[in-house]
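Undergrad: fold the following.
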Amino acid sequence: MVILELGLRINKLGTSSVTYEVGVFEEGNDAPAAVGGYTHVFVDSETRKSAPIEKETRLGLQKLFDDTNSLGLSAKL
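TA: Numbers count the residues shown, from 1 in each chain. This next block holds a predicted model:
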C-alpha cells in the first residue's frame, strides 16, 4: 500500500486572485510525484467581474502565504 501526502502552498496573492500549487508526495519522499495548481479569482456576484479579496479573507490567506515562504516549503514543491 502506498501512502500519499499532499502539500498546498500559495504562490501568489493578488488583489482579486490567489494562485495555489499542490504537490503529491509518496510518504517520506521529498520529491513530488506530481505537481499541479490553480488560480481562484474572486468575482462580484452581481456584476460577474473580478472583485478585490475581502479584508478578512485576505488576512487569512496572507498568513498562509507568509507561513509557506518562512518555512521554505517552496523548495519542496
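
Undergrad: strands of the protein, start to end?
TA: Ranges of strands in the chain, per DSSP state E, are 4-13, 17-26, 34-41.

Undergrad: comparing the ones you listed, which comes out most buried?
TA: Highest mean neighbour count of the strands of the chain: strand 17-26, a mean of 16 (counted as mean count of other Cβ atoms under 10 Å). Placement of C-beta: from N, CA and C, glycine included.

Undergrad: which residues are in contact with that one?
TA: 2-13, 31-42, 50, 53, 61, 76-77 (Cβ atoms under 8 Å, 6 or more residues apart in numbering).

Undergrad: how far off strand 17-26 does the longest helix belonging to the chain point, in degrees?
TA: As assigned by DSSP state H, the longest helix anywhere in the chain is helix 55-70. Here helix 55-70 runs at an angle of 40 degrees relative to strand 17-26 (axes from the mean of the first three to the mean of the last three Cα atoms, to 10 degrees).

Undergrad: and the angle for helix 55-70 with strand 4-13?
TA: Using the same axes, to 10 degrees: helix 55-70 against strand 4-13 is 110 degrees.

Undergrad: convert the C-alpha atoms of helix 55-70 to CSV, please.
TA: C-alpha atoms of helix 55-70 as CSV (Å, rounded to 0.1, in the frame of the first residue of the first chain):
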residue,chain,number,x,y,z
LYS,A,55,-10.2,42.0,4.2
GLU,A,56,-10.9,39.1,6.5
THR,A,57,-10.2,36.5,3.7
ARG,A,58,-7.0,38.4,2.7
LEU,A,59,-5.7,38.3,6.2
GLY,A,60,-6.2,34.5,6.4
LEU,A,61,-4.6,33.9,3.0
GLN,A,62,-1.7,36.3,3.9
LYS,A,63,-1.0,34.1,7.0
LEU,A,64,-0.8,31.0,4.8
PHE,A,65,1.3,32.9,2.2
ASP,A,66,3.8,34.1,4.9
ASP,A,67,3.9,30.7,6.5
THR,A,68,4.7,29.0,3.2
ASN,A,69,7.6,31.3,2.5
SER,A,70,9.0,31.4,6.0
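
Undergrad: which elements pack onto that helix?
TA: Packing partners of helix 55-70 (3 or more Cβ pairs under 8 Å, 6 or more residues apart in numbering; DSSP states H and E): strand 4-13.

Undergrad: many thanks, we can stop here.
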